[in-house]
Structure formats: structure tokens, C-alpha cells
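1. make a model of this:
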Amino acid sequence: QVQLLESGGGLVQAGGSLRLSCTASGRTFSGYSMGWFRQAPGKEREFVAAINWNSGRTYYADSVKGRFTISRDNTKNTGYLQMNSLKPEDTAVYYCAADRDPIPRNYYSHPSWDYWGQGTQVTVSS
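-> Okay, the predicted model is just below:
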């Protein structure tokens, strides 16, 4: 069983930056994949980014390409989402996810992921 704990959310002005962290306990991320999703009020949970933990290959939603970067630190068993040039439409609860496959076949679909964190709020003011 994997437990995921997110941190790093908060309130930031448009154009600013935040870095989210996701730390796993119960086992290492090795051999797994890690992803980030977000959910705004009244909207479905949407894919943001994912990483194959072993290979480091990354995947991004078009809406965040060039602004967000997903990465991992094996020594800390922690993944990150660096978010730059934030926009008000990035406001949402951000969730960390993990899957037992190197990358889920339908990685952009939240039901494809096995484990979830509790979420961290990101609010971008205009």
C-alpha cells in the first residue's frame, strides 16, 4: 500500500510560481509512475502531468506545457510539480497520484491511477 502526501499549495498572484511536493510512504516510487491531477469547483478531475519514475519520461497536458515541470528525487522518494507563469484558471485542488505501472495506458484519465493523495489547494489571484 502506498500513501501519498502533497504539500506546497497556497495563494499566489497571476504570473507567480509554486512548487508542489508529493512524498510516498509505504514503499518507494521505483517501478511506479507518479502523476498530478487537478480539480476546480464544479469541474471534473483533469490530468496535469505524469512521470515514469524509472525512465524519467514526462507527459503534460497541453494547457500546462512550457509552464509546469514534473520531476522526481529518488533519494527523497518525492516528486515535484514546479508551476510557473500561473494563471487564474490554474486555480484548483491539486492531487498527486501513483500507479503500479511505469505509466498507465490511459495516464490522462484519473480512474487509471491506483493511489491518491488528499490534495492541496492552489489559488491564483488576478
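
2. which stretches of this structure have low pLDDT?
-> Within the chain, the set of residues satisfying pLDDT under 70 is empty.

3. do that again at 90, thanks
-> Residues of the chain that meet the criterion pLDDT under 90 lie in 1, 25-31, 53-54, 74-75.

4. what residue lies at the spatial centre of the chain?
-> residue 36 (2.1 Å; C-alpha atoms, centre = their mean).

5. what sits against it?
-> Residue 36 is in contact with 20, 22, 48, 49, 50, 70, 81, 94, 95, 96, 97, counting by C-beta atoms under 8 Å, 6 or more residues apart in numbering. Every C-beta, even on glycine, is put in place using the N, C-alpha and C of the backbone.

6. list the strands paired with the helix or strand encompassing the last one, with their directions.
-> The secondary structure element spanning residue 97 is strand 92-99 (assigned by DSSP states H and E). In the sheet containing strand 92-99, the strands it pairs with under DSSP bridges are strand 33-39 (antiparallel), strand 115-116 (antiparallel), strand 120-125 (antiparallel).

7. of those, which is nearest residue 76?
-> strand 33-39 (12.7 Å; C-beta to C-beta).

8. next SSE downstream of that closest one?
-> The element immediately downstream of strand 33-39 (helix or strand, assigned by DSSP H and E) is strand 46-52.

9. what comes up buried for that following strand?
-> Across strand 46-52, burial judged by 16 or more other C-beta atoms under 10 Å covers 47, 48, 49, 50, 51, 52.

10. list of residues touching the next helix-or-strand element following it?
-> Once the chain leaves strand 46-52, the next helix or strand it forms, by DSSP H and E, is strand 58-60. Strand 58-60 is contacted from outside by 48, 49, 50, 51, 52, 68, 69, 70, 103, 107, 108, using C-beta under 8 Å, 6+ apart.

11. ok now strand 58-60, how far from the chain's centre?
-> 10 Å (C-alpha atoms, centre = their mean, to the nearest Å).

12. could you list the paired strands of it along with their orientation?
-> Strand 58-60 has the following strand partners under DSSP bridges: strand 46-52 (antiparallel).

13. brilliant, that's me finished.
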